[in-house]
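S.K.: Need a 3D model of the following:
(chains A and B)
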Number of protein chains: 2
Amino acid sequence: MPGKNLEKVRWIEFTSNIDKRGILTAAESGREIPFEIKRIFYVYDIATDRGGHAHRETDQVVVAVCGSFDLSISDGTVKKSYKMNDPKKGLYIPRMLFIEIKNCSPDAVCLVISSTHYDIKKSIRNWEGYLEAVDKK
Amino acid sequence: MPGKNLEKVRWIEFTSNIDKRGILTAAESGREIPFEIKRIFYVYDIATDRGGHAHRETDQVVVAVCGSFDLSISDGTVKKSYKMNDPKKGLYIPRMLFIEIKNCSPDAVCLVISSTHYDIKKSIRNWEGYLEAVDKK
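M.R.: Reported below is the predicted structural model:
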C-alpha cells in the first residue's frame, strides 16, 4: 500500500500558449503551483543518476524543460517511476518522499519549483536515513 | 541618456553547485531574486524573434537555461543588447522596459521569473504603445 504522500503525486497541466512563434508555458504561485514559490532550481549537464534525497517540509513541482529523464519516487515501501519529457506539465511531489533522477538525456534540464527556501537540515540525504525517518527500518 | 530603469538592469549570479554529477543552479524568492516569485514561464521551440512588449508593474529575471539568445532592452531612447548563454546567472529587468528576444539557438529555452501574476491589461504589446506610455512620441 502506498503511503498517503505517494498517492498525492500528480501531474499539473500548466498554461501554454502555442503559436507559430513557438511555445510559452507558464505557472503561477498559488494557481497552477499549489503553494507560494520560494525557490527554483534546475539541474543540467547531468552526468549520472542523481537525487537520492527527501525533504521534511518542502513540496515541489518538477518539470523537464529540456530533454527527458525518469523520476523515481518512493515512500519507503512502494516506488513509482514517471517519464518526464513534456515541458507543458509538471509533476507535483509533496514532502517526505524519496526522489531520484534517472536515465537523463544528454540535453536534460530538470526544473524544480519549491515551496521553501533551502535548508540542508530539513533534507534527508540518503535511503537509510529516509527509511529511519519514515519508520520503515 | 538611458532612463533610470535601463540603468537598473543587472546580472544576478545565482547559487550553483558544480560537481561530477552535473550542475545545480538555484535562486530564491527575496534572496537572489529581488522580489517574491509570483510566476515563472519559459519560452521554447522558438521559431522567430519574439517578445516586443513591456510590463507596467512587473519586474523580471531572465535566464537562458538551455541554448542561447540575445535580449534587446530599450527605454524608448537607448537600446541595450545582452548575450544570454549562461544558466548560472539571470538578468534582472525592472518594469516599463521594452524587451525583445532575438537570435535564438534552436535549443534555446528562455526562463522568466516574474514579480506578479499575469495581467494582459498591465502589459504593453507593441513599440508604438510603449513610446506613448513613456512619453517619447
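
S.K.: okay, CA-based contacts and neighbour counts for the rest of this
M.R.: Noted.

S.K.: so how far is the first residue of stretch A:97-109 from its last?
M.R.: The first and final residues of stretch A:97-109 sit 21 Å from each other (C-alpha to C-alpha, to the nearest Å).

S.K.: what does stretch A:113-128 give?
M.R.: 26 Å.

S.K.: what's in contact with that stretch?
M.R.: For stretch A:113-128, contacts defined as C-alpha atoms under 8 Å, 6 or more residues apart in numbering or on different chains pick out A:35-41, A:52-62, A:98, A:130, B:28-29.

S.K.: of those residues, buried ones?
M.R.: A:35-41, A:52-56, A:58-62, A:98, A:130, B:28-29 (16 or more other C-alpha atoms under 10 Å in any protein chain shown).

S.K.: just checking, which of those belong to helices?
M.R.: Judged by DSSP state H, those include residue A:130 as members of helices.

S.K.: Where does pLDDT dip in chain A?
M.R.: Residue ranges of chain A with pLDDT under 70: A:1-3, A:137.

S.K.: can you pull out the helices in it?
M.R.: So, for chain A - with DSSP H - the helices run A:4-7, A:127-133.

S.K.: Could you dump the ones you listed into TSV and include distance to residue A:109?
M.R.: TSV is the format used below for the helices of chain A (distance: least, C-alpha to C-alpha, whole Å):
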stretch	distance to residue A:109
helix A:4-7	24
helix A:127-133	24
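
S.K.: what does chain A put close to chain B?
M.R.: A:20-29, A:36-50, A:65-66, A:109, A:117 (C-alpha under 8 Å from any C-alpha of the partner chain).

S.K.: Would you enumerate the residues in contact with residue A:71?
M.R.: A:81, A:82, A:83, A:84, A:99, A:100, A:101, A:102.

S.K.: tell me which residues in stretch A:122-137 are buried?
M.R.: A:123, A:124, A:125, A:127, A:130, A:131.

S.K.: For those residues, give me a markdown table that also has distance to residue B:136.
M.R.: Below are those laid out as a markdown table (distance: C-alpha to C-alpha, whole Å):
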| residue | distance to residue B:136 |
| --- | --- |
| A:123 | 52 |
| A:124 | 56 |
| A:125 | 56 |
| A:127 | 61 |
| A:130 | 60 |
| A:131 | 64 |
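
S.K.: quick one: which of those residues is nearest to residue A:70?
M.R.: residue A:127 (18.0 Å; C-alpha to C-alpha).

S.K.: Any figure for the gap between the closest one and chain B?
M.R.: 18 Å (C-alpha to the nearest C-alpha, to the nearest Å).

S.K.: which residues of chain A fall in strands?
M.R.: A:10-13, A:15-19, A:22-28, A:39-44, A:50-55, A:60-66, A:69-74, A:79-84, A:89-93, A:98-102, A:109-114, A:123-124 (DSSP state E).

S.K.: what's the residue of chain A most remote from its centre sitting at in phi/psi?
M.R.: Here chain A reaches farthest from its C-alpha mean at residue A:20, the gap being 30.2 Å by C-alpha atoms, centre = their mean. Per-residue torsions, residue A:20: phi -70, psi -10 (degrees, to the nearest 10).
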